[in-house]
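Sharing a sequence plus its predicted fold:
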Amino acid sequence: NTEPDSAITKVREGERHSSIFKQLTRLKKGGVDREVAEAVIKAWNLKYCEPPEEEQELMVQLQDIYNNSKYVDDRPIIPKSISKVNAEKGEYLMEGYIPKNAVGIFAGEGGIGKSFLTIYLAQMFGMGAGTLPNGQRINRKHNVMIFAQEDGEGVMAWRMAKMGMLPKNVFIDDTDYDFFNEQDLERLRALLNDPPKEILDDMVGDKKFDLVIFDPITSYSGDVETNSASKVGAFLKGFSELAQRDKCNTSIVGVTHMNKNTDASGKNRIMGSSAWRNKPRNVILFGDKDGYVYTQCDKANWTNKHTVPKLKYKINEDLTVSFHDDIPEDFDIDELLQESSAPNKKGQAKQVIVEMLSDGEVNGKDLETTVMDEGFTKSTVQEARSELKKEGKISSKKDGHTNKQMWSLVEEEVITINEDIEIDSVAERTRL
C-alpha cells in the first residue's frame, strides 16, 4: 500500500513538516522504494496540505529519510523587509494565563489544588458567562476538552459538580494515550480537526474545541525522557502544531509538577528538562501557604508578565473555589516556593532515592544522574546514598553481566520462628 495515510484530514501550515516526515517514514518502513515514494508524497502534498508544501522542501525531507544523508539545499537565503510583514499580535483566551493558538503550562507541587483551578476555568468557559478571576468577562460558551489520566473522569466530574454544574459542552477522557506516538497524535489531531458525530449535538458554536487541558501533560508523553530537552521539545512541538490550526484558535494547557529542590527559583523547579518552560508560550507557577493557593505568571510571550494579575484562592470544605484579592504588592512566588518545612537537602535527596528504588534496582550512574536532575548536587546525592546504606535501607551489588553497581532497597523480612514469635528484619534475626 503506497498511500501514506488515508485517514488524514487537511494539514494546515505549521503542521506540514512533521506530517510529511511521518508519511515518508511510514512509506520507507513499508518497503516503498524512493522513486515511488517521491511520486506518492508529491501527490499527497497536493491533496492534503493547505497550502501545499514547496517541492524543494519535500525533496529535502525525502533525501534525509531515504538516503540518511543531508540534502544540499542551494536555495539562497532571502530575508523579508520587516515593513512588508503582516504584524500579528498574540491573543489570549484568558488574558496572561491561557494563550490562543499555543501551549501554556500550569506548574506547581502535587496536591496543592492546580486541578481545582483548571476544573473551575473549564466550567466557566463551558457556561459562557461570568467573570474570570483575572477580571476578564466571558461573553460566549466555549467547547472544552479535558484529558484527565491522573484523577480519572469520575473524580473530575464529581469535583466540577460540587462547584455548581456540568456543562454539556465540556468533555473528558481518562484513557491512557501516548501523544508522542504518531498514531495517537493523529487520533488527537482528528478529534480536534473533525470532532466525531457522536458529540456534535453537545458542542456549541463552530463545533471546534476552544480549550484543551492535559492534566498532567507528562502522563501523555509516553516514553519521552522528561529530562531531555530535545525530546521534550519534540513532544511539545506536536501540541503546538495542533494549537495553531487555522479554523479554530485552540488553547492548550498542560498541567505539570515541580521537583523537590526548594532552593531553586520557581522556573527551575518545573520537573524535568528546562524545555517544559522554554517551549510553551506561557507559564503560570502555583504555590500554597496557610490554606491558600497562589499563582503568578513566570513567562508570557505576548504580554508583559509583570502586569498579569496574581491570583489567590481557597478550596473550601464543600470543594468550591473562592478567590481573594488581598495579595501583597510585593508578593513573589519564588519566595513562597522556596519557603519549606520539608527536611534538609540531604533528607530530601534520601526521599527521592527511596522513591526511585521502590520500582526496582537501578545502576549507580543512572541513580545519581536522575536524582541530580531533581535539583540536588552530586555531593548531596552521594552523601544521601551513603547515609541510606549505613542505615541499612539500601544496598548495592555488582551485576555479573554488565559489571555495573546495582542499587536496591533492603526489603524487610519476616521470619517465623514459632507460632508465638515473629522477627522483623535481618538484624533482629542475627541477634537471636
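Received the coordinates, thanks. Numbering: from 1, shown residues only.

Pull the contacting residues for Phe214.
147, 220, 252-255 (Cβ atoms under 8 Å, 6 or more residues apart in numbering). Where you see a C-beta, it was placed from the backbone N, CA and C, and this is true even at glycine.

just Val362 next, same as before
356, 370, 406-408.

do you know how far it is from Lys42?
Separation of Val362 from Lys42 (Cβ to Cβ, to the nearest Å) stands at 49 Å.

Could I get the pLDDT score of the spatially closest residue to Ala275 that is not a sequence neighbour?
Counting by Cβ to Cβ, 6 or more residues apart in numbering, Ala275 lies nearest to Val232, which is 4.0 Å off, once chain neighbours are set aside. According to the prediction, Val232 has pLDDT 89.

buried sites along the helix or strand hosting Val232?
Applying DSSP states H and E as the criterion places Val232 in helix 229-243. Neighbour-count burial for helix 229-243 flags 231-233, 235-236, 238-243 (criterion: 16 or more other Cβ atoms under 10 Å).

Which one of the contacts of Val362 is nearest to Gln56?
Nearest to Gln56 among the contacts of Val362: Thr370, at 43.2 Å, using Cβ to Cβ.

quick one: contacts for that closest one?
By Cβ under 8 Å, 6+ apart, the neighbours of Thr370 are 227, 356, 362.

For those residues, could you give me a markdown table that also reports pLDDT, secondary structure and distance to Phe180?
Listed next are the contacts of Thr370 as a markdown table, based on pLDDT from 0 to 100; DSSP: H, G, I helix; E, B strand; the rest coil; distance: Cβ to Cβ, whole Å:
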| residue | pLDDT | secondary structure | distance to Phe180 |
| --- | --- | --- | --- |
| Asn227 | 80 | coil | 15 |
| Met356 | 87 | helix | 22 |
| Val362 | 89 | strand | 23 |
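
tell me which of those is nearest to Gly205?
Out of those, the member with the shortest distance to Gly205 (by Cβ to Cβ) is Asn227, at 40.1 Å.

my guess is the closest one contacts Gly272, does it?
Yes: contact status for Asn227 versus Gly272: in contact at 5.3 Å, counting by Cβ atoms under 8 Å.

Please enumerate the shared neighbours of those two.
Contacts common to Asn227 and Gly272, judged by Cβ under 8 Å, 6+ apart, are Asp373.

Settle it for me: which of these two has more neighbours?
Neighbours per residue, other Cβ atoms under 10 Å: of Asn227 and Gly272, the larger number sits with Gly272, 23 against 18.

contacting residues for the closest residue to Gln296 other than its chain neighbours?
Nearest-residue entry for Gln296: Ile333, 3.8 Å, with adjacent residues in sequence omitted and distances by Cβ to Cβ, 6+ apart. Going by Cβ under 8 Å, 6+ apart, Ile333 touches 266, 285, 287, 294-296, 298, 310.

Make TSV out of the residues you listed and add neighbour count, distance to Glu186 and secondary structure.
Converted to TSV, those look like this (neighbours: other Cβ atoms under 10 Å; distance: Cβ to Cβ, whole Å; DSSP: H, G, I helix; E, B strand; the rest coil):
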residue	neighbour count	distance to Glu186	secondary structure
Gly266	23	35	helix
Leu285	25	33	strand
Gly287	24	37	strand
Tyr294	22	39	strand
Thr295	24	34	strand
Gln296	23	36	strand
Asp298	20	32	strand
Lys310	18	39	coil
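
Closest one to Lys28 out of those, please.
Asp298 (41.6 Å).

how much space between that closest one and Arg140?
Taken as Cβ to Cβ, the span from Asp298 to Arg140 is 29 Å.

Any of the contacts of Val362 buried? List them.
By 16+ other Cβ under 10 Å, those give 356, 406-407 as buried.

For Ile172, see how far away Lys231 is.
28 Å.

in the chain, which segments are predicted with low confidence?
The chain contains residues with pLDDT under 70 at 1-9, 68-75, 245-249, 260-267, 339-344, 412-432.

same thing but at 50, please
1, 6, 246-247, 340-342, 413-432 (pLDDT under 50).

Which parts of the stretch 151-300 of the chain are strands?
Assigned by DSSP state E, counting those that start in this stretch, the strands in the stretch 151-300 of the chain fall at 170-173, 211-214, 251-256, 282-289, 292-300.

Met94: which of those strands is closest?
Of the strands of the stretch 151-300 of the chain, the one closest to Met94 (Cβ to Cβ) turns out to be strand 251-256, at 8.1 Å.

Pull up the pairing partners for that closest one, direction included.
On the basis of DSSP bridges, the sheet neighbours of strand 251-256 come out as strand 102-107 (parallel), strand 211-214 (parallel).

who wins for proximity to Ala129 among these?
Nearest of the strands paired with strand 251-256 (Cβ to Cβ): strand 211-214, 15.6 Å.

gap between the closest one and the chain center?
11 Å (Cα atoms, centre = their mean, to the nearest Å).

Output it as PDB, restricted to C-alpha atoms.
Presented in PDB, the C-alpha positions along strand 211-214 are these (Å, rounded to 0.1, in the frame of the first residue of the first chain):
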ATOM      1  CA  LEU A 211      -9.700  24.900  25.200                       C
ATOM      2  CA  VAL A 212      -7.900  21.600  25.700                       C
ATOM      3  CA  ILE A 213      -6.400  20.600  29.100                       C
ATOM      4  CA  PHE A 214      -3.900  17.800  29.800                       C
END
